[in-house]
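*Asks:* with the input below, show me the fold.
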Amino acid sequence: MVRAPVERVFAHMDDHTRLTSHMSESSWIMGGGSMQVELDAARGQKIGSWIRLSGKILGVTLAVEEIVTERTPPRRKVWETTGMPRLLVIGRYRMGFEIVPLEAGSHVTVFIDYALPEQAVTRWLGYFLGGY
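*Replies:* Alright, predicted model coming up:
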């Protein structure tokens, strides 16, 4: 539960720079690397908007492009990969969140449906680290 109204929670989560901030700085969990986010003019806040992430992790160049497929403020947003992502642990995915109002705030559910990477070299990482 989040002690804030759905409108405020949605506005916070609708900002992809916030959602990707944990990947924007070098850290041990990012293998010493980081990812940069690039947004279209709508900043990923309209159906059809795109988001690009790129960078290096453990010395490997990664990149993924996403498109917003659903957006119903202040309750739900969904985006999914386009093309073939270059990621280590997961392959193509569909991700989003739903927010339900509560008397004292909001209940947030974040979800992801993903495939394992298609590259044989990284597919084994998905088996071991995908659930994490």
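*Asks:* list phi and psi for L116.
*Replies:* phi -70, psi 160 (degrees, to the nearest 10).
*Asks:* cool, V78 as well?
*Replies:* phi -140, psi 140.
*Asks:* ok, now R71?
*Replies:* According to degrees, to the nearest 10, R71 has phi -160, psi 110.
*Asks:* and stretch 7-20, how far out from the chain middle?
*Replies:* Distance, stretch centre to chain centre, for stretch 7-20: 11 Å (C-alpha atoms, centre = their mean, to the nearest Å).
*Asks:* list the buried residues for that stretch?
*Replies:* V9, F10, M13, D14, H16, L19, T20 (16 or more other C-beta atoms under 10 Å). (C-beta placed from N, C-alpha, C; glycine too.)
*Asks:* could these be laid out in TSV, adding pLDDT, secondary structure and distance to V89?
*Replies:* Output for the buried residues of stretch 7-20, formatted as TSV (pLDDT from 0 to 100; DSSP: H, G, I helix; E, B strand; the rest coil; distance: C-beta to C-beta, whole Å):
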residue	pLDDT	secondary structure	distance to V89
V9	97	helix	27
F10	98	helix	28
M13	96	helix	22
D14	97	coil	25
H16	89	helix	20
L19	78	helix	17
T20	77	coil	16
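*Asks:* got a pLDDT number for the residue of the chain most remote from its centre?
*Replies:* Relative to the C-alpha centroid of the chain, counting by C-alpha atoms, centre = their mean, E103 is the outermost residue, at 28.2 Å. At E103 the predicted local confidence, pLDDT, stands at 95.
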